[in-house]
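missing the sequence, but the structure's below:
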Ligand SMILES: Cc1cc2nc3c(=O)[nH]c(=O)nc-3n(C[C@H](O)[C@H](O)[C@H](O)COP(=O)(O)OP(=O)(O)OC[C@H]3O[C@@H](n4cnc5c(N)ncnc54)[C@H](O)[C@@H]3O)c2cc1C
């Protein structure tokens, strides 16, 4: 075969490849090695490993709700975030570090602070601690911001109908405030369901936004109180149908039950998945009445055996027993707690597990309840 | 704790190194900063979609009858039968924006040649010659890899044509083979996969990849690349290997020019005779090793090289089926023109407008639930232009603007509507890749394959460039360059070097 290139020099040229390479190395400069670019430095800005914050101020919102204004201890500013995102707050109580996700309720425009708004959960360990014990000036570690509950113009309608249950108002509040600050551009209609008027969080500010901001409209729906001014009852099909279906993206935020209730309505109304975004949270502490099992956790070359009740998640059991497992969202979505089920049976109703993870018995302990004695291995 | 070997990074290279060493009876510790194996060989879930992060096609896999090197490697490591690979039925499908050209190619040397003859009449002879040459190059490379000492005479006798072309760029050899201009341009379609234009890329390197795609059927795993990463890790663990995640290595302990171990998270120390780095030499040498312990030449080597491609990826979950969308192919290479040198220049800018689209459901019909489609758009950048533009303030908007542009380009090239079907969207930029891999500038292709940093010179000097005893490199910055098959193979090469070293140390 004839290639048609000058073949006289071939062996030499071939052998020279190595020599030429050596020469190029010889003639290169020595110091410094560049390993960090602007992008790498921005990673530190957007995704710091952890952030030390100080509680700058505490605002009483309702009898049962407080807003904590957090400022960075070390820097002027906190990482930029998208309206709807959450942070994870480390709370150290009785030698155990509890990690809790809280949506940021403040505007994305001002990153000198994050506001998180916490409502008391009956018998809730952390919410009660936060509301009863935390004072201005106290310090915490937070992680994040995380989460995909955000307005995305490439996907969503520019009209958002926010369907809110209780303290699910917090991420929506961040959206509303950001719209007011002209840092976010969409139209926001809020249906805010709560038991009674006095339990509505941010009511004064929401009323003002409703009045003064063209892009925002707010409607309250009270479930346990009669009212002549506001809607009453639950946020239901007929109420949703008052808003032109097809013109909105639906942003649902509230407790798990609320989310399931609305999902059924969306199915009945044949609303495509594309137009439904959701964020939800568990709002009850387990009752711990049911059967007791044992959970064995393999981590750091150790095996730790702890009790775990049928109505608490594996994560809750680990947490109570001081086992630090990776965790973030606590609703099974982010996958950070992904662990291997070595044996035993668990039940879960949220399904964001990767296909091959499922085939290899990986689970998300934050949404897995034991049905028998269980052994898991943490991925850390 | 004492180990035979510590592997830093559980990317493709690190996973294979760790598994090979463990399989050879060594005591291995595998460390990663993240909480999952795979590096960029992983997947993530949004809504009802599971997205692949990086893999479009796994080169050198092949079939049962026609095994590629990667399949053979997986068999040796005892994992091949644990991974479900699905073969791909087309090589590439290219579209141009400027003059609206469109070409699609099948698998198989004969089929490919026939198709090319259809597009470019009278090219058959030159294309057949090209593939003959490729066959010879493939054998020559095997010979080089298997022989530490090269017998010049034998090389000259057996592989004369390989020697002729070995130091030339793709465009020079194509011309010499008298391949018609149009066919040359079509053949160049894959260039973005290696991230250098035809005038810079070594012929041998480029054509080895193209040849392998055409000859050995490429494939993808059913469970995304995460399936491979997971199986590799589980096999490693089954053999007694130790791994620790969320464990960033912050220092490599070096003394007397020898690697001795690592420090994790600035506190925990682990000792070993060998350290394999699956991360960039920039970070390994520049950050993890005390500069006083670093040979001058190590620094020079890093500084002599150019970082390769950066990328923006848009992951789309669409709420229509491929039929409804009218997308028939698996891959869509979209360029303004087929001139790779021109396009390369264009792609030094932020909106290069060139991209590769992949429709996952056209390879895996159950990739997502019925009536939906997964589409990936990837656009590369060949400079640190992203750095110049991105700021803390504009980042979120910039991300969206880049994604919007890419979606528009895809729509323009294919004439299909994507925008209205978007149910899930995720956008990754160099910042995202920098976050997950810690690589300098978030590069996704290691160093640029150009001139003296092409495959051959890298491989030929491989034995001379281990400047610190007991420290070896695997992965996309390594001697075989980036890409799945290359990083798997480089992981194996690093393990073998380590085994030799351990043997010698024992003496
Ligand atoms: C979008 C995209 C598309 C691609 N498409 C293809 C394709 O179709 N076909 C193909 O063949 N190739 C493709 N590639 C290239 C291929 O994915 C890569 O070359 C390959 O996966 C790189 O593997 P690696 O071994 O270099 O490890 P990487 O994936 O780079 O992983 C490095 C690992 O090191 C860890 N790490 C970093 N720093 C530390 C530290 N200090 N301590 C501990 N751990 C650390 C990271 O967490 C990471 O897990 C693509 C890449 C991208 C990004």
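Looks like it arrived, so ask away. The structure presented is a predicted model; accordingly, all values stated were derived computationally and were not measured. Numbers count the residues shown, from 1 in each chain, chains lettered A, B, ... in the order given.

hey, what's whichever residue of the stretch 201-350 of chain B sits closest to the ligand bridged with?
With C-beta to the nearest ligand atom, the shortest gap between the stretch 201-350 of chain B and the ligand falls at residue B:249, namely 3.7 Å. Glycine gets a C-beta too; all of them are placed from N, C-alpha and C. Beta-bridge pairing of residue B:249 under DSSP bridges involves residue B:264.

Would you report the backbone torsion angles of the residue in the stretch 51-200 of chain A that chain B sits nearest to?
As assessed by C-beta to the nearest C-beta, chain B sits closest to residue A:155 within the stretch 51-200 of chain A, at 4.6 Å. Residue A:155 adopts backbone torsions of phi -120, psi -40, taken as degrees, to the nearest 10.

Same question for the one 3 residues further on.
Reported as degrees, to the nearest 10, the phi and psi values for residue A:158 are phi -80, psi -10.

Roughly how far does the closest residue to it other than its chain neighbours sit from the ligand?
Leaving aside its chain neighbours, residue A:158 sits nearest to residue A:186 (5.1 Å; criterion: C-beta to C-beta, 6 or more residues apart in numbering or on different chains). Distance of residue A:186 to the ligand, given as C-beta to the nearest ligand atom, to the nearest Å: 30 Å.

Spatially, what comes nearest to the residue of the stretch 51-200 of chain A closest to chain B if we skip its sequence neighbours?
Nearest in space to residue A:155, with sequence neighbours left out and distances taken as C-beta to C-beta, 6+ apart, is residue B:422 at 4.6 Å.

Around the ligand, pick out the residues from the stretch 201-350 of chain B.
Contact residues (C-beta under 6 Å from any ligand atom) of the stretch 201-350 of chain B with the ligand: B:248-249, B:278-279, B:311, B:313.

and residue B:162, what element?
helix B:160-165 (DSSP states H and E).

typo on my end, residue B:193
Here residue B:193 is assigned to helix B:191-194, by DSSP H and E.

which other residues reach that helix?
With contacts defined as C-beta atoms under 8 Å, 6 or more residues apart in numbering or on different chains, helix B:191-194 is touched by B:170, B:197-198, B:201, B:205-206, B:209, B:309, B:333, B:340, B:344, B:354, B:356, B:380, B:445, B:449, B:481, B:483.

near the ligand at all, it?
No - if you take C-beta under 6 Å from any ligand atom as the test, helix B:191-194 misses the ligand, and the best it gets is 6.7 Å.

Identify each buried residue in that helix, please.
Within helix B:191-194, the residues that count as buried by 16 or more other C-beta atoms under 10 Å in any protein chain shown are B:191-194.

thinking again about what came up before, by neighbours, which of the residues of the stretch 201-350 of chain B next to the ligand wins?
When neighbours are taken as other C-beta atoms under 10 Å in any protein chain shown, the top entry among those is residue B:278 (32 neighbours).

Can you give me every residue that contacts that residue?
Residues near residue B:278 by C-beta under 8 Å, 6+ apart: B:7-11, B:13-14, B:17, B:39, B:473-475, B:491.

ok, now which ones touch residue A:157?
Each residue near residue A:157 by C-beta under 8 Å, 6+ apart is listed here: A:247-249, A:275.

wait, which of these is closest to residue A:66?
residue A:249 (30.7 Å; C-beta to C-beta).

who's in contact with residue 253?
Looking at chain A here, since you left the chain open. Residues near residue A:253 by C-beta under 8 Å, 6+ apart: A:103, A:149, A:162-165, A:168-172, A:278-280.

try chain B instead
Going by C-beta under 8 Å, 6+ apart, the list of residues near residue B:253 reads B:259-263, B:269, B:271.

Going by neighbour count, which of those residues comes out on top?
Going by other C-beta under 10 Å, residue B:259 tops those with 27 neighbours.

That one should be in a strand, yeah?
Yes - with DSSP: H, G, I helix; E, B strand; the rest coil as the criterion, residue B:259 is part of a strand.

Turn the residues of the stretch 201-350 of chain B next to the ligand into JSON lines, including pLDDT.
Converted to JSON lines, those look like this (pLDDT from 0 to 100):
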{"residue": "B:248", "pLDDT": "97"}
{"residue": "B:249", "pLDDT": "98"}
{"residue": "B:278", "pLDDT": "98"}
{"residue": "B:279", "pLDDT": "97"}
{"residue": "B:311", "pLDDT": "94"}
{"residue": "B:313", "pLDDT": "97"}
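
could you measure residue B:127 against the ligand, distance?
To the ligand, residue B:127 is 24 Å away according to C-beta to the nearest ligand atom.

swap in residue B:117?
Counting by C-beta to the nearest ligand atom - residue B:117 and the ligand are separated by 28 Å.

Skipping adjacent residues, who's closest to that residue in space?
Using C-beta to C-beta, 6+ apart and skipping residues adjacent in sequence, the residue nearest residue B:117 is residue B:124, 4.6 Å away.

Tell me who's in contact with the one you found.
Contacts of residue B:124 (C-beta under 8 Å, 6+ apart): B:113, B:116-117.

can you check residue A:199 too?
Residue A:199 sits in contact with A:62-64, A:166, where contact means C-beta under 8 Å, 6+ apart.

and if you look at residue A:213?
A:176, A:179-180.

How about the stretch 401-507 of chain B, which of its residues are in the neighbourhood of chain A?
Contact residues (C-beta under 8 Å from any C-beta of the partner chain) of the stretch 401-507 of chain B with chain A: B:403-404, B:407, B:419, B:421-426, B:430-431, B:434-435, B:438, B:440-442, B:452-453, B:456-458, B:460-461, B:464.

tally of neighbours for the closest residue to residue B:223 other than its chain neighbours?
Among residues not flanking residue B:223 along the chain, residue A:356 sits closest, at 3.1 Å (C-beta to C-beta, 6+ apart). Residue A:356 is flanked by 23 other residues according to other C-beta under 10 Å.

name the helices or strands packed onto the helix or strand hosting residue A:356?
Using DSSP H and E, residue A:356 sits within helix A:355-359. For helix A:355-359, the elements it packs on are helix B:224-238, judged by 3 or more C-beta pairs under 8 Å, 6 or more residues apart in numbering or on different chains; DSSP states H and E.

Relative to residue B:381, how far out is residue B:346?
Counting by C-beta to C-beta, to the nearest Å, the separation of residue B:346 from residue B:381 is 10 Å.

So for the two, which sits in the more crowded spot?
Neighbours of residue B:346 and residue B:381, each counted by other C-beta under 10 Å, are more numerous for residue B:381; the result is 23 against 17.

By mean pLDDT, flag the weakest helix or strand of chain B.
helix B:191-194 (a mean of 85; mean pLDDT, DSSP states H and E).

any idea which helix or strand comes after that helix?
helix B:203-215.

tell me the mean pLDDT for that following helix?
Averaged over helix B:203-215, pLDDT sits at 92.

now do stretch B:120-129
The average pLDDT for stretch B:120-129 rounds to 96.

Which neighbours in the sheet does the helix or strand just after the helix holding residue A:356 have, and how are they oriented?
Downstream of helix A:355-359, the next assigned helix or strand under DSSP H and E is strand A:362-363. The pairing partners recorded for strand A:362-363 under DSSP bridges are strand A:339-343 (antiparallel).

got the buried residues for the strand it pairs with?
Result for strand A:339-343 [16+ other C-beta under 10 Å]: buried residues A:339-341.

moving C-terminal of that strand, what's the next helix or strand?
Counting by DSSP H and E, what follows strand A:339-343 is strand A:346-347.

What parts of the stretch 151-300 of chain A come near chain B?
Contact residues (C-beta under 8 Å from any C-beta) of the stretch 151-300 of chain A with chain B: A:152-155, A:272-274.
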